[in-house]
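**Student:** Predicted model follows, preceded by the sequence.
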Amino acid sequence: MFSVCIFGKRVIEMSERCGWVGVDAIYEAYHDTEWGVPEYDSRTLWEKLILDGFQAGLSWITILKKRDNFRAAFQGFDPDIIARWGEDDVLRLLADPGIIRHRGKIEATIGNARAWQRIEIDKGFDRYLWDFVGGKPIQNRWATLADVPAYTDLSVEISKDLKRKGFKFCGPTIVYAFMQAMGMVNDHLVTCPCHAQVAKLAR
């Protein structure tokens, strides 16, 4: 099975990809075109963090398959809209079979939208996050999946700060998965063709 990498003209053979990628085409596309790519848009960063929170206790492929449903149910993940929601909206979402129906995570999303607004007004959510690494992604060079940590001292620090600012469902492991997804760290294995391509995208 092969897939074209968005970053270059060569094709990626399944055996070359990072070992966490399954054989599902959605997973392959996510790995090849999105995971680890540095993201600098505040709203997109917020969406990624929220989806990582919903993934807690579940597989990421479950979230990927429901992502379009999430975007529809959560008004395109517009935090300014979600921040105004209340109990009626929680009940509506709890009745939606297209998403993860977890009251705690849904309520946390509403609270996280309000926390996002405060940070966005203060300095910008994008700048707030990227300041933790001086604006430049960390370029890791992991040889095997066993080398990749579940969390780091930095993800612990960011998690604590997010919680102080009102965020929920943002523990160190969730935050590290978010850091990987948003490209704050380049955790493609060095044997994966996307490692070098993602590194070139750093500002």
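**Tutor:** Yep, that arrived.
**Student:** so which helix or strand takes in the most far-flung residue of the chain relative to its centre?
**Tutor:** Among the C-alpha atoms of the chain, the one most distant from their mean position (CA atoms, centre = their mean) is that of Asp88, at 27.2 Å. Using DSSP states H and E, the element containing Asp88 is helix 87-94.
**Student:** Contacts made by that helix with the rest, please.
**Tutor:** Counting by CB atoms under 8 Å, 6 or more residues apart in numbering, the neighbours of helix 87-94 from elsewhere in the structure are Ala73, Phe74, Ile99, Arg101, Arg103, Ile106, Glu107, Ile110. Quick note: C-beta positions are derived from backbone N, CA and C, even for glycine.
**Student:** switch the cut-off to 10 Å
**Tutor:** With contact meaning CB atoms under 10 Å, 6 or more residues apart in numbering, helix 87-94 is reached by 70, 73-75, 81-82, 85, 99-103, 105-107, 109-110.
**Student:** Send me that helix as CSV with only the CA atoms.
**Tutor:** Output for helix 87-94, consisting of C-alpha atoms alone and laid out as CSV, is shown next (Å, rounded to 0.1, in the frame of the first residue of the first chain):
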residue,chain,number,x,y,z
GLU,A,87,-27.2,23.3,29.3
ASP,A,88,-29.5,23.1,26.3
ASP,A,89,-26.5,22.7,24.1
VAL,A,90,-25.0,20.1,26.3
LEU,A,91,-28.2,18.1,26.1
ARG,A,92,-28.3,18.5,22.3
LEU,A,93,-24.7,17.2,22.0
LEU,A,94,-25.4,14.3,24.4
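**Student:** Run the angle between whichever helix or strand comes after it and helix 87-94 for me.
**Tutor:** Sequence-wise, the next helix or strand beyond helix 87-94 is helix 103-122, with elements assigned using DSSP H and E. Between helix 103-122 and helix 87-94, the angle formed by their directions is 120 degrees, by axes from the mean of the first three to the mean of the last three CA atoms, to 10 degrees.
**Student:** Mean confidence (pLDDT) on whatever helix or strand comes next after helix 103-122, please.
**Tutor:** Toward the C-terminus, helix 103-122 is succeeded by helix 125-130 as the next helix or strand (DSSP H and E). Mean per-residue pLDDT for helix 125-130: 98.
**Student:** Kindly report the same for stretch 186-201.
**Tutor:** In this model, stretch 186-201 has an average pLDDT of 96.
**Student:** In that stretch, which of the residues would be classed as buried?
**Tutor:** Asn186, Asp187, His188, Leu189, Cys192, Pro193, Cys194, His195, Gln197, Val198, Ala199 (16 or more other CB atoms under 10 Å).
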